[in-house]
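In: Everything below, folded, please.
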Amino acid sequence: FATSQTVNGVINWQSLFRDTGTVGGINPTTYAWWKAKYDNTAEPLTVEDMFDIYNQAGGGSDNPDVVVTGRALFQKYNSLLQTQQRFTSTDMASAGFETLKFHGADMFFDEQAIADEVWFINSKYLYLGALPEMTKSFKVTPFERMTSNGQLGQVSLVSFMGQYVLTNRRRLGALDGRTA
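Out: Numbering: from 1, shown residues only. Next up is the predicted model:
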């Protein structure tokens, strides 16, 4: 969830979820159909804003299936649902929920996510890619014997060469600047 781009690094998520910036050699200023759905209004999180960006990214028929945010906004969304919460079994009511849903999309938080953003992902169009014919996609160094704090161990480094692949940027959405 880096906020800046390195020269040889994996594309950061903020770049993918914006309505500006060239991704994959396509400039959304020139090609408006390539823009992600993005709202950077600084305001408290609301279900209405979430539904609006979800619908924009889905285009009516191809909706996001994953929603990712930080802990505070995840908890805010959960609190917004409390007045509508209904239980059909006592087991569910006493156990709580492990995940939340937003119009069928799985919603979860990540401790490394940018705190004031909510990302709407359509996993059909965003994935981590590597060329299978490339022998350098994964590289493993030989094991080396090491000692640390009186413990003996062996260490090997595994490096990966890949990149996020995005085939339909307009099917991604983001709310930015939201507060709990």
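
In: all helices of this protein, in order?
Out: Counting by DSSP state H, residue ranges of the helices within the chain are 13-16, 47-58, 71-81, 90-95.

In: With mean neighbour count and mean pLDDT as extra columns, can I get these in JSON lines?
Out: Every C-beta, even on glycine, is put in place using the N, C-alpha and C of the backbone. Formatted as JSON lines, the helices of the chain follow (neighbours: other CB atoms under 10 Å; pLDDT from 0 to 100):
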{"stretch": "helix 13-16", "mean neighbour count": "19", "mean pLDDT": "82"}
{"stretch": "helix 47-58", "mean neighbour count": "17", "mean pLDDT": "94"}
{"stretch": "helix 71-81", "mean neighbour count": "17", "mean pLDDT": "91"}
{"stretch": "helix 90-95", "mean neighbour count": "9", "mean pLDDT": "50"}
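
In: shaky segments in the chain?
Out: For the chain, the stretches flagged by pLDDT under 70 are 1-10, 84-99, 131-137.

In: That one: strands as residue ranges?
Out: 37-39, 43-44, 66-69, 100-102, 105-109, 117-121, 126-129, 138-140, 144-148, 151-155, 158-160, 163-166, 173-176, 178-179 (DSSP state E).

In: ok now the last one, how far from the chain's centre?
Out: Its chain's average C-alpha position is 17 Å from that of strand 178-179, according to CA atoms, centre = their mean, to the nearest Å.

In: do stretch 59-68 as well
Out: Its chain's average C-alpha position is 12 Å from that of stretch 59-68, according to CA atoms, centre = their mean.

In: What's the end-to-end length of that stretch?
Out: Stretch 59-68 stretches 19 Å from its first residue to its last (CA to CA, to the nearest Å).

In: so who does the closest residue to Val66 other than its chain neighbours touch?
Out: In space, and not counting its chain neighbours, Val66 is closest to Ile121: 4.3 Å by CB to CB, 6 or more residues apart in numbering. By CB atoms under 8 Å, 6 or more residues apart in numbering, Ile121 lies in contact with 64-68, 172.

In: Ile114 touches Val68, doesn't it?
Out: No. Here Ile114 lies out of contact with Val68, judged by CB atoms under 8 Å, at a distance of 9.9 Å.
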